[in-house]
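**Q** Any chance you could fold what I've pasted below:
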Amino acid sequence: MITHALAALGRGALAALAGIGRIALYAGSGVAHLLRPPYYPREFLQALLQIGWLSLPVVGLTAVFTGAALALQIYAGSSRFSAESVVPSITAIGMVRELGPVLGGLMVAARVASSIAAEVGTMKVTEQIDALVTLSTHPMKYLTAPRLLAATLSVPILVGVGDIIGIMGGWMVGTGRLGFNSTTYLKNTWEYLEFWDVGSGLVKGAAFGFIIALMGCYYGMNSERGAQGVGRATKSAVVAASIAILAANYLLTEAFFSA
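**A** Prediction:
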(Lines give C-alpha, C1' and ligand atoms only; values in the text may rest on other atoms or scores of the structure.)
Protein backbone atom coordinates (compact mmCIF):
# COMPACT_ATOMS: atom_id res chain seq x y z
CA MET A 1 0.00 0.00 0.00
CA ILE A 2 2.82 2.37 0.85
CA THR A 3 4.50 1.62 -2.48
CA HIS A 4 1.29 2.30 -4.41
CA ALA A 5 0.74 5.57 -2.51
CA LEU A 6 4.28 6.74 -3.24
CA ALA A 7 3.91 5.75 -6.89
CA ALA A 8 0.68 7.70 -7.18
CA LEU A 9 2.32 10.68 -5.51
CA GLY A 10 5.26 10.45 -7.89
CA ARG A 11 2.99 10.23 -10.93
CA GLY A 12 1.11 13.31 -9.78
CA ALA A 13 4.33 15.25 -9.21
CA LEU A 14 5.74 14.25 -12.61
CA ALA A 15 2.47 15.19 -14.32
CA ALA A 16 2.51 18.59 -12.61
CA LEU A 17 6.12 19.23 -13.63
CA ALA A 18 5.36 18.14 -17.19
CA GLY A 19 2.42 20.55 -17.29
CA ILE A 20 4.58 23.40 -16.01
CA GLY A 21 7.16 22.58 -18.68
CA ARG A 22 4.55 22.62 -21.44
CA ILE A 23 3.23 25.99 -20.26
CA ALA A 24 6.79 27.38 -20.12
CA LEU A 25 7.49 26.21 -23.67
CA TYR A 26 4.19 27.70 -24.81
CA ALA A 27 5.07 31.01 -23.15
CA GLY A 28 8.48 31.05 -24.84
CA SER A 29 6.87 30.36 -28.20
CA GLY A 30 4.34 33.14 -27.64
CA VAL A 31 7.04 35.68 -26.78
CA ALA A 32 9.11 34.59 -29.81
CA HIS A 33 6.14 35.11 -32.13
CA LEU A 34 5.48 38.46 -30.46
CA LEU A 35 8.94 39.69 -31.42
CA ARG A 36 8.77 38.62 -35.07
CA PRO A 37 6.57 39.99 -37.86
CA PRO A 38 3.95 39.83 -39.22
CA TYR A 39 1.86 41.66 -36.65
CA TYR A 40 -1.91 41.90 -36.32
CA PRO A 41 -2.77 45.33 -34.91
CA ARG A 42 -6.53 44.79 -35.27
CA GLU A 43 -6.39 41.71 -33.04
CA PHE A 44 -4.21 43.60 -30.58
CA LEU A 45 -6.64 46.52 -30.36
CA GLN A 46 -9.62 44.20 -29.91
CA ALA A 47 -7.78 42.35 -27.13
CA LEU A 48 -6.81 45.67 -25.53
CA LEU A 49 -10.45 46.73 -25.48
CA GLN A 50 -11.66 43.39 -24.13
CA ILE A 51 -8.98 42.99 -21.47
CA GLY A 52 -8.41 46.59 -20.45
CA TRP A 53 -11.37 48.87 -20.95
CA LEU A 54 -14.14 46.36 -20.31
CA SER A 55 -12.43 45.13 -17.12
CA LEU A 56 -12.30 48.61 -15.61
CA PRO A 57 -15.74 48.53 -13.87
CA VAL A 58 -15.12 45.28 -12.01
CA VAL A 59 -11.59 46.35 -11.01
CA GLY A 60 -12.86 49.74 -9.84
CA LEU A 61 -15.66 48.27 -7.74
CA THR A 62 -13.30 45.72 -6.21
CA ALA A 63 -10.78 48.44 -5.37
CA VAL A 64 -13.18 50.90 -3.77
CA PHE A 65 -14.72 48.33 -1.44
CA THR A 66 -11.32 46.83 -0.63
CA GLY A 67 -9.88 50.23 0.25
CA ALA A 68 -12.88 51.08 2.40
CA ALA A 69 -12.78 47.75 4.28
CA LEU A 70 -9.01 48.00 4.69
CA ALA A 71 -9.29 51.43 6.31
CA LEU A 72 -11.87 50.10 8.76
CA GLN A 73 -9.76 47.08 9.65
CA ILE A 74 -6.58 49.09 10.13
CA TYR A 75 -8.42 51.62 12.28
CA ALA A 76 -9.89 48.84 14.44
CA GLY A 77 -6.46 47.28 14.92
CA SER A 78 -4.46 50.46 15.43
CA SER A 79 -6.94 51.85 17.96
CA ARG A 80 -5.81 49.12 20.38
CA PHE A 81 -2.41 50.81 20.49
CA SER A 82 -3.64 54.42 20.16
CA ALA A 83 -2.04 54.61 16.71
CA GLU A 84 -5.02 55.69 14.62
CA SER A 85 -2.87 58.19 12.72
CA VAL A 86 -1.28 55.36 10.69
CA VAL A 87 -4.56 54.51 8.94
CA PRO A 88 -3.98 56.69 5.82
CA SER A 89 -0.40 55.56 5.22
CA ILE A 90 -0.95 51.85 5.89
CA THR A 91 -4.10 51.80 3.77
CA ALA A 92 -2.26 53.37 0.84
CA ILE A 93 0.80 51.12 1.15
CA GLY A 94 -1.35 48.00 1.49
CA MET A 95 -3.36 48.92 -1.58
CA VAL A 96 -0.50 49.77 -3.93
CA ARG A 97 1.84 46.99 -2.85
CA GLU A 98 -0.46 44.01 -2.40
CA LEU A 99 -4.22 44.29 -2.48
CA GLY A 100 -4.47 46.43 -5.61
CA PRO A 101 -2.32 44.21 -7.85
CA VAL A 102 -3.43 40.87 -6.39
CA LEU A 103 -7.18 41.44 -6.17
CA GLY A 104 -7.18 43.31 -9.47
CA GLY A 105 -5.27 40.46 -11.11
CA LEU A 106 -7.60 37.84 -9.68
CA MET A 107 -10.70 39.71 -10.85
CA VAL A 108 -9.26 40.16 -14.33
CA ALA A 109 -8.26 36.48 -14.34
CA ALA A 110 -11.82 35.46 -13.49
CA ARG A 111 -13.19 37.61 -16.28
CA VAL A 112 -10.52 37.46 -19.00
CA ALA A 113 -8.82 34.07 -18.66
CA SER A 114 -12.19 32.34 -18.85
CA SER A 115 -13.23 34.45 -21.82
CA ILE A 116 -10.02 33.80 -23.75
CA ALA A 117 -10.08 30.07 -23.00
CA ALA A 118 -13.71 29.78 -24.08
CA GLU A 119 -13.14 31.80 -27.26
CA VAL A 120 -9.99 29.97 -28.34
CA GLY A 121 -11.38 26.60 -27.27
CA THR A 122 -14.53 27.17 -29.32
CA MET A 123 -12.38 28.11 -32.30
CA LYS A 124 -10.53 24.83 -31.92
CA VAL A 125 -13.72 22.79 -31.58
CA THR A 126 -15.24 24.42 -34.66
CA GLU A 127 -11.97 23.92 -36.60
CA GLN A 128 -11.39 27.64 -37.08
CA ILE A 129 -7.80 27.21 -35.90
CA ASP A 130 -7.29 24.54 -38.57
CA ALA A 131 -8.66 27.06 -41.08
CA LEU A 132 -6.06 29.60 -39.94
CA VAL A 133 -3.31 27.06 -40.59
CA THR A 134 -4.80 26.35 -44.02
CA LEU A 135 -4.62 30.08 -44.78
CA SER A 136 -0.92 30.13 -43.76
CA THR A 137 -1.65 32.10 -40.58
CA HIS A 138 0.13 30.84 -37.49
CA PRO A 139 -2.36 30.49 -34.60
CA MET A 140 0.26 31.49 -32.03
CA LYS A 141 0.97 34.71 -33.87
CA TYR A 142 -2.68 35.53 -34.63
CA LEU A 143 -4.35 34.45 -31.38
CA THR A 144 -1.78 34.26 -28.59
CA ALA A 145 0.77 37.01 -29.23
CA PRO A 146 -1.71 39.93 -29.47
CA ARG A 147 -3.45 38.84 -26.26
CA LEU A 148 -0.18 38.44 -24.39
CA LEU A 149 0.90 41.95 -25.37
CA ALA A 150 -2.50 43.51 -24.67
CA ALA A 151 -2.79 41.93 -21.22
CA THR A 152 0.79 42.79 -20.27
CA LEU A 153 0.20 46.45 -21.15
CA SER A 154 -3.36 46.91 -19.91
CA VAL A 155 -3.35 45.16 -16.52
CA PRO A 156 -0.72 47.53 -15.00
CA ILE A 157 -2.93 50.44 -16.06
CA LEU A 158 -5.91 48.75 -14.43
CA VAL A 159 -3.83 48.23 -11.29
CA GLY A 160 -2.83 51.90 -11.22
CA VAL A 161 -6.43 53.03 -11.61
CA GLY A 162 -7.50 50.50 -8.99
CA ASP A 163 -4.87 51.84 -6.58
CA ILE A 164 -6.23 55.36 -6.92
CA ILE A 165 -9.82 54.22 -6.50
CA GLY A 166 -8.91 52.03 -3.53
CA ILE A 167 -7.11 54.89 -1.77
CA MET A 168 -10.15 57.08 -2.41
CA GLY A 169 -12.34 54.37 -0.90
CA GLY A 170 -10.21 54.48 2.23
CA TRP A 171 -10.35 58.27 2.19
CA MET A 172 -14.15 58.26 2.01
CA VAL A 173 -14.42 55.93 4.98
CA GLY A 174 -11.70 57.76 6.89
CA THR A 175 -13.27 61.18 6.51
CA GLY A 176 -16.93 60.21 6.54
CA ARG A 177 -16.93 57.37 9.05
CA LEU A 178 -13.80 57.59 11.19
CA GLY A 179 -13.54 61.35 11.70
CA PHE A 180 -10.27 62.09 9.87
CA ASN A 181 -9.61 65.53 8.45
CA SER A 182 -9.60 65.32 4.66
CA THR A 183 -6.47 67.41 4.13
CA THR A 184 -4.53 65.56 6.83
CA TYR A 185 -5.59 62.18 5.48
CA LEU A 186 -4.44 62.96 1.95
CA LYS A 187 -1.23 64.57 3.21
CA ASN A 188 -0.29 61.49 5.24
CA THR A 189 -1.11 59.27 2.29
CA TRP A 190 1.14 61.25 -0.04
CA GLU A 191 4.05 61.66 2.38
CA TYR A 192 4.44 57.98 3.27
CA LEU A 193 4.07 56.54 -0.22
CA GLU A 194 7.36 55.93 -2.02
CA PHE A 195 7.97 55.58 -5.72
CA TRP A 196 8.86 51.88 -5.49
CA ASP A 197 5.68 51.14 -3.56
CA VAL A 198 3.71 52.12 -6.64
CA GLY A 199 6.27 50.82 -9.13
CA SER A 200 6.38 47.34 -7.62
CA GLY A 201 2.61 47.07 -7.88
CA LEU A 202 2.71 48.05 -11.55
CA VAL A 203 5.43 45.49 -12.27
CA LYS A 204 3.30 42.87 -10.56
CA GLY A 205 0.36 43.97 -12.72
CA ALA A 206 2.41 43.42 -15.90
CA ALA A 207 3.44 39.94 -14.73
CA PHE A 208 -0.12 39.07 -13.76
CA GLY A 209 -1.44 40.26 -17.11
CA PHE A 210 1.01 38.03 -18.94
CA ILE A 211 -0.01 35.08 -16.78
CA ILE A 212 -3.72 35.69 -17.37
CA ALA A 213 -3.44 35.81 -21.15
CA LEU A 214 -0.99 32.90 -21.19
CA MET A 215 -3.27 30.59 -19.22
CA GLY A 216 -6.34 31.54 -21.21
CA CYS A 217 -4.62 30.93 -24.54
CA TYR A 218 -2.82 27.75 -23.43
CA TYR A 219 -5.87 25.98 -22.09
CA GLY A 220 -7.98 27.19 -24.98
CA MET A 221 -5.49 25.86 -27.51
CA ASN A 222 -5.30 22.52 -25.69
CA SER A 223 -9.00 22.09 -24.99
CA GLU A 224 -10.66 18.82 -25.86
CA ARG A 225 -13.36 18.44 -28.45
CA GLY A 226 -16.94 19.18 -27.53
CA ALA A 227 -18.74 21.50 -25.15
CA GLN A 228 -17.44 19.65 -22.08
CA GLY A 229 -13.87 20.07 -23.25
CA VAL A 230 -14.33 23.82 -23.66
CA GLY A 231 -15.92 24.01 -20.23
CA ARG A 232 -13.02 22.15 -18.62
CA ALA A 233 -10.53 24.37 -20.42
CA THR A 234 -12.30 27.47 -19.14
CA LYS A 235 -12.31 26.20 -15.56
CA SER A 236 -8.68 25.10 -15.73
CA ALA A 237 -7.59 28.47 -17.14
CA VAL A 238 -9.15 30.43 -14.27
CA VAL A 239 -7.81 28.08 -11.58
CA ALA A 240 -4.32 27.95 -13.06
CA ALA A 241 -4.19 31.72 -13.57
CA SER A 242 -5.33 32.40 -9.99
CA ILE A 243 -2.80 30.01 -8.46
CA ALA A 244 -0.01 31.33 -10.70
CA ILE A 245 -0.85 34.93 -9.74
CA LEU A 246 -0.64 34.14 -6.02
CA ALA A 247 2.64 32.25 -6.48
CA ALA A 248 4.12 34.99 -8.65
CA ASN A 249 3.02 37.60 -6.13
CA TYR A 250 5.02 35.90 -3.40
CA LEU A 251 8.10 35.51 -5.60
CA LEU A 252 7.98 39.14 -6.74
CA THR A 253 7.41 40.39 -3.19
CA GLU A 254 10.39 38.33 -2.03
CA ALA A 255 12.50 39.80 -4.81
CA PHE A 256 11.41 43.40 -4.23
CA PHE A 257 11.19 43.68 -0.46
CA SER A 258 13.18 40.80 1.10
CA ALA A 259 16.06 43.15 1.96
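
**Q** tell me the SS of the spatially most central residue of the chain?
**A** For the chain, the residue sitting closest to the mean C-alpha position, by C-alpha atoms, centre = their mean, is Gly105 at 2.6 Å. Three-state call for Gly105 (DSSP: H, G, I helix; E, B strand; the rest coil): helix.

**Q** How about it: what's its closest non-neighbour residue?
**A** Nearest non-adjacent residue to Gly105, counting by C-beta to C-beta, 6 or more residues apart in numbering: Phe208, 3.5 Å away. For glycine as for every other residue, the C-beta is placed from the backbone atoms N, C-alpha and C.

**Q** I'd like the next helix or strand past the helix or strand where that neighbour lies.
**A** In this structure, Phe208 sits in helix 195-221 according to DSSP states H and E. Downstream of helix 195-221, the next assigned helix or strand under DSSP H and E is helix 227-257.

**Q** Now do that next one: which elements does it pack against?
**A** helix 100-108, helix 114-125, helix 195-221 (3 or more C-beta pairs under 8 Å, 6 or more residues apart in numbering; DSSP states H and E).

**Q** closest one to Asp163 among the ones you listed?
**A** Asp163 lies closest to helix 100-108 among the helices and strands packed on helix 227-257, at 4.4 Å (C-beta to C-beta).

**Q** List of residues touching the closest one?
**A** For helix 100-108, contacts defined as C-beta atoms under 8 Å, 6 or more residues apart in numbering pick out 51, 55, 58-59, 62-63, 66, 151, 155, 158-159, 162-163, 166, 201-202, 204-205, 208-209, 211-212, 242, 245-246, 249.

**Q** give me that answer again for 6 Å
**A** Applying C-beta atoms under 6 Å, 6 or more residues apart in numbering, the contact partners of helix 100-108 are 55, 58-59, 62, 66, 155, 158-159, 162-163, 166, 201, 204-205, 208, 212, 242, 245, 249.

**Q** and that helix, what's its mean pLDDT?
**A** Helix 100-108 carries an average pLDDT of 94.

**Q** likewise stretch 178-196?
**A** 87.

**Q** going forward can the numbers begin at 352, since that is how I track them
**A** Happy to do that; since the first residue is 352 now, the last one works out to stretch 529-547.

**Q** Please enumerate residues in contact with that stretch?
**A** Outside stretch 529-547, the residues touching it (C-beta under 6 Å, 6+ apart) are 426, 439-440, 443, 522, 525-526.

**Q** Would you reformat those residues as JSON lines and include secondary structure, pLDDT and neighbour count?
**A** Below are the contacts of stretch 529-547 laid out as JSON lines (DSSP: H, G, I helix; E, B strand; the rest coil; pLDDT from 0 to 100; neighbours: other C-beta atoms under 10 Å):
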{"residue": "Tyr426", "secondary structure": "helix", "pLDDT": "90", "neighbour count": "22"}
{"residue": "Pro439", "secondary structure": "helix", "pLDDT": "89", "neighbour count": "27"}
{"residue": "Ser440", "secondary structure": "helix", "pLDDT": "90", "neighbour count": "17"}
{"residue": "Ala443", "secondary structure": "helix", "pLDDT": "92", "neighbour count": "29"}
{"residue": "Trp522", "secondary structure": "helix", "pLDDT": "93", "neighbour count": "21"}
{"residue": "Gly525", "secondary structure": "helix", "pLDDT": "90", "neighbour count": "28"}
{"residue": "Thr526", "secondary structure": "helix", "pLDDT": "90", "neighbour count": "18"}
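
**Q** Show me the two of those that sit farthest apart.
**A** Between any two of the contacts of stretch 529-547 (C-beta to C-beta), the greatest distance is 15.2 Å, for Ser440 and Thr526.
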